[in-house]
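Peer 1: next comes the sequence, and after it the predicted model I'd like to discuss.
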Amino acid sequence: MIETKILLADSHMTFLELLKTYLRKTGVTVLSCSTVEAAFSLALQETPDLVFISTNLTGKNGLDCLQALKMNGSTKDIPVVIILTSGHPEVIENCRLAQCDEVLCKPVSRQIFLTTVNKYLDLEKRLTSRFNVAFPVHFSPGFKESFIGSSVNLSACGLFLESRNIFPVGTELTLDFILPNTDIDIHCKARVTWVNCLGALRKPSLPQGTGLQFLNLTLENETAIKVFLRKEYIRSTHPETLKQCGSVEG
């Protein structure tokens, strides 16, 4: 399965939009709705990897949707997190009895929300993983000539650049590169976070170069990199999926 899907169900649009902003940099596909009927229908149609349901849904209570999901053969194994407006012990116990996997109480902070997401989906590990991939990278410190190096690995947060031209930690560079097997041109700034110099290699397994952190990726470029990394993740962990869906190079 190439996409990672999260279903958010709450009757308050402002709260839904807040949760969506928390997920913006994770690369997941977000499904959202405000009624019990829509939540159950979306879960059946899309089979999300994780569901967040508020008890204040329009129509029946959110617990009714939870019970329906847990009783259905195609959705019973999907983790469901109930979001409450009140943390009363009796209400929480009712959620547990209804077989919810987790209970959160409003207000839900970004840290708590993403910690819960990663508990079930481990997105953080996937998106911070670096994949060995080589491609030309044009870079410039912004005030002199530009240079060209080669990436050694790539993550959603940055890349390691092999180059004879080494700049101090903290230096901001302008990068320009094309993602392999695509026509997507990535143009952004990056900060030098560490250096690997010949004669004093911090990581002997890597060549001379610098570790770079992306600074101002556009949403389009950010998404493109995450889609590329998702395919690399699948290639390394589930190669049979790529055979079914088509190779990255295709």
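Peer 2: Now that the structure is in, tell me what you want to look at. On a predicted model such as this, the values are computed, not experimentally measured, just so you know.

Peer 1: tell me the mean pLDDT for stretch 166-184?
Peer 2: Across stretch 166-184, the average pLDDT comes to 92.

Peer 1: for it, which positions count as buried?
Peer 2: By 16 or more other C-beta atoms under 10 Å, the buried positions in stretch 166-184 come out as F167, L173, L175, F177, L179, I184. C-beta: built from backbone N, CA, C; applies to glycine.

Peer 1: pull the strand or helix carrying N221 out as PDB, backbone CA atoms only.
Peer 2: N221 belongs to helix 219-237 when assigned by DSSP states H and E. The C-alpha trace of helix 219-237 is given here as PDB (Å, rounded to 0.1, in the frame of the first residue of the first chain):
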ATOM      1  CA  LEU A 219       4.700  22.700  -0.200                       C
ATOM      2  CA  GLU A 220       4.900  21.300  -3.800                       C
ATOM      3  CA  ASN A 221       8.600  20.400  -3.500                       C
ATOM      4  CA  GLU A 222       8.100  19.100   0.100                       C
ATOM      5  CA  THR A 223       5.400  16.800  -1.100                       C
ATOM      6  CA  ALA A 224       7.400  15.600  -4.100                       C
ATOM      7  CA  ILE A 225      10.300  14.600  -1.900                       C
ATOM      8  CA  LYS A 226       8.100  12.700   0.500                       C
ATOM      9  CA  VAL A 227       6.400  10.900  -2.400                       C
ATOM     10  CA  PHE A 228       9.800   9.900  -3.700                       C
ATOM     11  CA  LEU A 229      11.000   8.800  -0.200                       C
ATOM     12  CA  ARG A 230       7.800   6.800   0.300                       C
ATOM     13  CA  LYS A 231       8.600   4.800  -2.900                       C
ATOM     14  CA  GLU A 232      12.100   4.300  -1.700                       C
ATOM     15  CA  TYR A 233      10.800   3.100   1.700                       C
ATOM     16  CA  ILE A 234       8.500   0.600  -0.100                       C
ATOM     17  CA  ARG A 235      11.300  -0.500  -2.400                       C
ATOM     18  CA  SER A 236      13.500  -1.300   0.600                       C
ATOM     19  CA  THR A 237      10.800  -3.000   2.800                       C
END
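
Peer 1: next helix or strand past the helix or strand encompassing F52?
Peer 2: According to DSSP H and E, F52 maps onto strand 50-54. The element immediately downstream of strand 50-54 (helix or strand, assigned by DSSP H and E) is helix 62-71.

Peer 1: which strands and helices sit next to the helix or strand just after that next one?
Peer 2: Counting by DSSP H and E, the next helix or strand C-terminal to helix 62-71 is strand 80-84. In terms of contacts (3 or more C-beta pairs under 8 Å, 6 or more residues apart in numbering; DSSP states H and E), strand 80-84 is packed against strand 50-54, helix 62-71, helix 89-97, strand 102-105.

Peer 1: out of these, which is closest to G199?
Peer 2: Minimum separation from G199 across those (C-beta to C-beta) falls at strand 50-54, 48.2 Å.

Peer 1: and the closest one with helix 62-71, angle?
Peer 2: With axes from the mean of the first three to the mean of the last three C-alpha atoms, to 10 degrees defining the directions, strand 50-54 sits at 150 degrees from helix 62-71.
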